[in-house]
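K.L.:
next come a sequence and a model predicted from it.
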Amino acid sequence: MSKLLQRLSDASRSGVYRVASAAPVLDATRGSALDVVLIRVQGRAERDAVLGALAEALGFPAWFGGNWDALEDCLADLSWRRDAGRVLLFEGLEAGDELGILVDILAGSAEFWAGQGKPFFAVFIDPDGALPLAALFREK
């Protein structure tokens, strides 16, 4: 098991991070039990676009209300997904006012799932290192 897969499988390290490229994460998790989901949103982190992309990628149920509170509720449930750790890869998002809200919700979800003993990682693909997030791992 690679060091990156070990990290992504460790619930105590759950959180919100950034990487320069999705490739190392996808390579490390290929064939693992982790539920890896790529969420594509182009441009600024506008609420409706982000929520729509998340709802589609994670297959949110019909009761999803399309607002930040409903996102918190769905991320704290996820019973319709495989019962494994989660890695959400966000591609294409740029910094904006709504990004801070999204990061806060994702961090709360990571804390919740870590308390359940399940890894939960939200990883933003950030080739320029522009987002104010910790790096998931030291990239060369």
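P.N.:
That came through fine.
K.L.:
how long is stretch 111-125 end to end?
P.N.:
End-to-end distance for stretch 111-125: 21 Å, by CA to CA, to the nearest Å.
K.L.:
what segments of this structure are strands?
P.N.:
With DSSP state E as the criterion, the chain has strands at 15-19, 35-44, 86-94, 120-125, 134-135.
K.L.:
the third one pairs with which strands, parallel or anti?
P.N.:
In its sheet, strand 86-94 lies beside strand 35-44 (parallel), strand 120-125 (parallel), with partners assigned from DSSP bridges.
K.L.:
most neighbours per residue, which of those?
P.N.:
Among the strands paired with strand 86-94, strand 120-125 has the highest mean neighbour count (mean count of other CB atoms under 10 Å), at a mean of 24. C-beta here means a position set from N, CA and C on the backbone, and glycine is covered the same way.
K.L.:
tell me the angle that one makes with strand 15-19.
P.N.:
Counting by axes from the mean of the first three to the mean of the last three CA atoms, to 10 degrees, strand 120-125 lies at 30 degrees to strand 15-19.
K.L.:
point out where the protein drops to low pLDDT.
P.N.:
Under the criterion pLDDT under 70, the flagged ranges of the chain are 1, 43-45, 140.
K.L.:
which helix is the longest one in it?
P.N.:
As assigned by DSSP state H, the longest helix anywhere in the chain is helix 97-115.
K.L.:
residues making contact with stretch 76-89?
P.N.:
Residues from elsewhere that reach stretch 76-89 (CB atoms under 8 Å, 6 or more residues apart in numbering): 8-9, 11, 22, 25-26, 29, 33-39, 57-59, 61, 106, 109, 112-113, 118-123, 125.
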